[in-house]
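Visitor: structure of the sequence below:
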Amino acid sequence: MSLQEKITAKREELHDLRQLKKFTGLLAVQLEQIEAKLDTMADGAESVALILSNWQNVMNSVSLASLGLLKHANKDYDETPPLPECLVRISLDKDKEEDN
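Guide: Here you go, the predicted model:
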């Protein structure tokens, strides 16, 4: 192998190494972006898990409020349909002002 052939081979090797370095850098950036997206997805999954863990309590509360409708007779529905029981009672500042 002549000196010129060795130089040409080394230049090609250098070119390939530079390409490898470039693509490795791009891969590192993409992996960092994926990491950030996975963190966001993990936070979202935790929020969904929290909501779903409370869902049974919500359904039980709605069911209890709806049980109050069972005590009404058919005639109670003639004028206006009865409403379910209130789940939460909150006093409003407006009500306090009217009492004074």
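Visitor: C-alpha only now, for contacts and for neighbours.
Guide: Will do.
Visitor: gap between the lengthiest helix in the chain and the chain center?
Guide: Ranked by number of residues, the top helix in the chain under DSSP state H is helix 3-67. Here helix 3-67 shows a centroid-to-chain-centroid distance of 16 Å under the convention CA atoms, centre = their mean, to the nearest Å.
Visitor: check contacts around Ala49.
Guide: With CA atoms under 8 Å, 6 or more residues apart in numbering as the criterion, no residue contacts Ala49.
Visitor: can you give me the distance of it to Gln33?
Guide: 24 Å (CA to CA, to the nearest Å).
Visitor: again, but for Leu50
Guide: Relative to Gln33, Leu50 is positioned 26 Å away (CA to CA).
Visitor: check Thr24 too.
Guide: Distance of Thr24 to Gln33, computed by CA to CA: 14 Å.
Visitor: and what of Gln56?
Guide: Distance, Gln56 to Gln33, using CA to CA: 36 Å.
Visitor: what do you get for Ser53?
Guide: For Ser53 relative to Gln33 (CA to CA), the value is 30 Å.
Visitor: again with Lys6
Guide: 41 Å.
Visitor: could you list the low-confidence segments of the chain?
Guide: For the chain, applying pLDDT under 70 flags the ranges 68-77, 82-89, 94-100.
Visitor: and if we set it to 50?
Guide: Across the chain, not a single residue meets the criterion (pLDDT under 50).
Visitor: state the distance from the most centrally placed residue in it to Lys37.
Guide: Centrality entry for the chain: nearest residue to the mean C-alpha point is Gly44, 3.0 Å, by CA atoms, centre = their mean. For Gly44, the distance to Lys37 (CA to CA) stands at 11 Å.
Visitor: then Arg11?
Guide: 39 Å.
Visitor: check Ala28 too.
Guide: Relative to Lys37, and taking CA to CA, Ala28 is found at 14 Å.
Visitor: count of residues packed around Glu46?
Guide: Neighbour count for Glu46, taken as other CA atoms under 10 Å: 11.
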